[in-house]
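In: Need coordinates for the below:
(chains A, B and C)
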Amino acid sequence: MPAKHDHHDHDHDLGGHDDHIAPAEAPPSAHEILERAISALLIEKGVIAEADIQRQINFMASRNPALGAKIVAKAWADPAFKKALVAEPRETLKAHFDIDIGTATELKVIENGPRDHHVVTCTLCSCYPRLILGPPPAWYKSFEYRSRVVAEPRAVLKEFGFEPPRSTAVHVHDSTADLRYLIIPRRPKGTDGWSEAKLAALVTRDSMIGTAEALEPAAA
Amino acid sequence: MMEPRFKVGDPVAVARRGHDGHHRAPFYLKGRAGEVAEVIGAFRNPEQLAYHKPGLPKCFLYLVRFRQSDLWKAYDGPAADVLTAEIYEHWLEPAQSRG
Amino acid sequence: MAKSKKPAPKRTPPKLATRRSAKPRKPAPPKAAARKPAPKRGVHDLGGLPGGPIDRAHHTLTPFEERVDALMMVLTNQHGIYKVDSLRRAIESLAAREYRHLAYYEKWIRGIRMMLVEQGVLTDAEIDAKIAAIKAARAPGAAA
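Out: Residues are numbered from 1 along each chain as shown, chains lettered A, B, ... in the order given. As a prediction, this is how the structure comes out:
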C-alpha cells in the first residue's frame, strides 16, 4: 500500500488523500457552481428545502425501466389488465401499481405487434414517460435520434439492431404535446406459463420506447 | 366549453406559418396533410404557459397521422409507414380528402 | 436519406442574456403582428435534419444532473414557480451555438436561472455574488 510520505510526481489534493486509492475530485464546472449557487440561495430564502430535492431524487430513483418491465410483464400475463391498461392507463396504474402519473400529461399505451411496430421520440425536446421509466436515456435526447427517427425510422431501428420486415408498418410517434407513450413490446415466443417476474427480465428499456424488441428467452 | 372543430378521420393540414416564440407544431410538419387519428382532449395552451400566463381557455389537441411517403420525398419504406404527432386545433386547417 | 425542407434564412436569435437589472423583465407571448409569414426552424426543432450515427452509450446521471433534474421538478411540480413550458421556451431561446454545445442539464440549469429571475424569485446580481462566494471558498488557501 502506498505510504503517505511517498513523494511522487502526481499531486495530492488538499485533503491529503493518496490518489492510488481515490482519484482527486475534479473541480466543479461553471454549471455545477451555478446549480450550487441557485440551490443555496433558494434554501437560504426558504423557497425550497434541501429535503425537497432529496425527496425528489429518491422518488425518481423509484421510477425506472424495472418498473416499466413489471407493468409490461403483467400486461403479457393478464389480458384483462392489458385491456384496462390500454383503455384507462392512469386509473389502471394507480389501482394495480399505486403509481400516480400526475395530471400534467396523459399516458398512451401502445402494443407492438407483427403488423405494426411503434417507436417514440420527442423531436422538440425530450418528452418521455419519466413518471414510469425514470429519466430518458442519453441517446433519446440526442440530436441524431431526434433528427433522424422521424425521417428514416427503419435506418435508425437498424442501427439499434432491429429490422422489421416491410410487411410490418412502422409508426413513429412524435411526443409534441401532452401525451407520453409506453410501448408494450411483443411477447417473445417460448414464454408460455412464465411467471411475471421471469417475463419482466425480458423487457428492456429500449423495447418500451420501441427501438428494440424484448429479449428472447435464450438471450435473457 | 367549445366543441372540438375536427373529428376522427377528418383530413387536416398543419398550418404553414411562422410563430415567434414557443409553440409545439414542428417545422417538418408545417404545411403537411394528414388525418385526425384521435381527439385527445382539451389542454391549456403551451404557447401561453411558456410565458407564465394561464393558457386558458383550454384548446383541443389532436393526434394527427401522416403517411411517411407524404412527409419525405426520398422515403423508401413501405407505404403503410406512418408518423403521428399531437397538434393543437389552432394549428390545423381542413384539408382535401386524399381518398 | 430523407430530404429536409428548404433551409430557412439564417437568423441570429437573442443570446441567453444575463440581465443585471433588479426588476425581472416579464416576457410576453408574441403579438399577432410580430408573426412572420414563413415558418422558420427554431434551434430545438430538429425533426428531419440530417444527422450522424446515434451514440447509444449508457450514461448514468451524475450527481449534478440528478440535482438539476430534481430542482426542476421541485420548482415546477411542487412549488409552481413556473411551468415546464417556460423552461422549454427558455432553452429554445438559446443561441444555436449554445444549444448545440451545452450539455442537456447545462441547458436546464441555465433555463432554471432565467425562470427564477423572470419570476422575481432571485436576481442575477445575487446569483453572481453567490457564484463568486462559492469560488472564493474553494480557492487554494481559503479557510476550510
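In: what phi and what psi does the backbone show at the spatially closest residue to B:Ala42 that is not a sequence neighbour?
Out: Nearest non-adjacent residue to B:Ala42, counting by CB to CB, 6 or more residues apart in numbering or on different chains: B:Lys58, 3.9 Å away. Backbone N, C-alpha and C define where each C-beta goes, glycine included. Phi and psi for B:Lys58, reported as degrees, to the nearest 10, are phi -60, psi 150.
In: what does C:Val121 give?
Out: Main-chain dihedrals, C:Val121, degrees, to the nearest 10: phi -80, psi -40.
In: What of B:Arg17?
Out: Taking degrees, to the nearest 10 as the convention, B:Arg17 sits at phi -150, psi 160.
In: Touching, it and B:His90? I think so.
Out: No. The criterion here is CB atoms under 8 Å, and B:Arg17 misses it with B:His90 at 10.4 Å.
In: quick one: which helix or strand includes the residue most central in space within chain B?
Out: Centroid check for chain B by CA atoms, centre = their mean gives B:Ile87 as the closest residue, at 2.9 Å. For B:Ile87, the host element (DSSP states H and E) is strand B:82-88.
In: what's downstream of that strand, the next helix or strand?
Out: Following strand B:82-88 in sequence, per DSSP H and E, is strand B:92-94.
In: Touching that next one from outside, list them.
Out: With contacts defined as CB atoms under 8 Å, 6 or more residues apart in numbering or on different chains, strand B:92-94 is touched by B:5-6, B:10-15, B:62, B:64.
In: do that again at 7 Å, thanks
Out: Applying CB atoms under 7 Å, 6 or more residues apart in numbering or on different chains, the contact partners of strand B:92-94 are B:6, B:10, B:12-15, B:62.
In: Over to stretch C:125-144?
Out: A:33-34, A:36-38, A:40-41, C:20, C:113.
In: Now the residue nearest to the centre of chain B: closest residue in space that isn't a chain neighbour?
Out: Leaving out its chain neighbours, B:Ile87 is closest to B:Val64 (CB to CB, 6+ apart), at 5.0 Å.
In: Wait, a strand at that neighbour?
Out: Yes. B:Val64 sits within a strand when classified using DSSP: H, G, I helix; E, B strand; the rest coil.
In: Return the residues in contact with it.
Out: Counting by CB under 7 Å, 6+ apart, B:Val64 makes contact with B:12, B:34, B:36-37, B:84-85, B:87.
In: Just the buried residues of the helix or strand hosting C:Phe64, please?
Out: Counting by DSSP H and E, the element that carries C:Phe64 is helix C:63-73. For helix C:63-73, burial by neighbour count (16 or more other CB atoms under 10 Å in any protein chain shown) applies to C:64-73.
In: How about that helix and chain B, touching?
Out: No. Applying CB under 7 Å from any CB of the partner chain, one finds helix C:63-73 separated from chain B by no less than 14.9 Å.
In: got any ranges where the chain has weak pLDDT?
Out: Defaulting to chain A. For chain A, the stretches flagged by pLDDT under 70 are A:1-24, A:219-220.
In: wait, chain C
Out: For chain C, the stretches flagged by pLDDT under 70 are C:1-25, C:31-36, C:142-144.
In: Identify all contacting residues around stretch A:68-80.
Out: A:81-82, A:85, A:97, A:132-133, A:182, A:184-185, A:187, A:196, A:199-200, A:203, A:208.
In: try 6 Å
Out: A:81-82, A:85, A:132-133, A:184, A:187, A:196, A:199-200, A:203, A:208 (CB atoms under 6 Å, 6 or more residues apart in numbering or on different chains).
In: And for stretch B:17-25?
Out: A:176-177, B:14, B:46-47, B:50, B:87, B:91, C:29-30, C:34-36, C:38-40, C:89.
In: Show me what counts as buried in it.
Out: B:18-19, B:21-25.
In: before we move on, what about stretch B:78-98?
Out: Quick answer for stretch B:78-98 (16+ other CB under 10 Å): B:78, B:80-89, B:91-92.
In: Same question for stretch A:50-69.
Out: Quick answer for stretch A:50-69 (16+ other CB under 10 Å): A:52-53, A:56-57, A:60, A:63, A:65, A:67-69.
In: ok, now stretch C:45-55?
Out: Buried, per 16+ other CB under 10 Å, within stretch C:45-55: C:45-49, C:51, C:54.
In: Using TSV, please lay out those together with secondary structure and distance to chain A.
Out: TSV is the format used below for those (DSSP: H, G, I helix; E, B strand; the rest coil; distance: CB to the nearest CB, whole Å):
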residue	secondary structure	distance to chain A
C:Asp45	coil	6
C:Leu46	coil	5
C:Gly47	coil	4
C:Gly48	coil	5
C:Leu49	coil	4
C:Gly51	coil	4
C:Ile54	coil	5
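In: Outside of the host helix or strand of B:Ala42 itself, list whatever touches it.
Out: Assessed by DSSP H and E, B:Ala42 sits inside strand B:33-43. Identification of contacts with strand B:33-43 by CB under 6 Å, 6+ apart yields A:178, B:4, B:6, B:8, B:10-13, B:58, B:60-66, B:95.
In: List buried residues within the residues you listed.
Out: Using 16+ other CB under 10 Å as the burial test, the contacts of strand B:33-43 include A:178, B:4, B:6, B:10-13, B:60-66 as buried.
In: So which of the contacts of stretch A:68-80 belong to strands?
Out: Among the contacts of stretch A:68-80, the members falling in strands are A:Ile184 (criterion: DSSP state E).
In: how about the residues of chain A near chain B?
Out: Counting by CB under 6 Å from any CB of the partner chain, the residues of chain A close to chain B are A:123, A:150-151, A:154, A:166, A:169-174, A:176-179.
In: mind running it again at 8 Å?
Out: A:106, A:123-124, A:150-154, A:166-167, A:169-179 (CB under 8 Å from any CB of the partner chain).
In: quick one: low-confidence parts of chain B?
Out: In chain B (pLDDT under 70), the answer is B:1, B:98-99.
In: residues in it within reach of chain C, list them.
Out: So chain B meets chain C at B:16-22, B:26-31, B:46-53, B:71-75 (CB under 8 Å from any CB).
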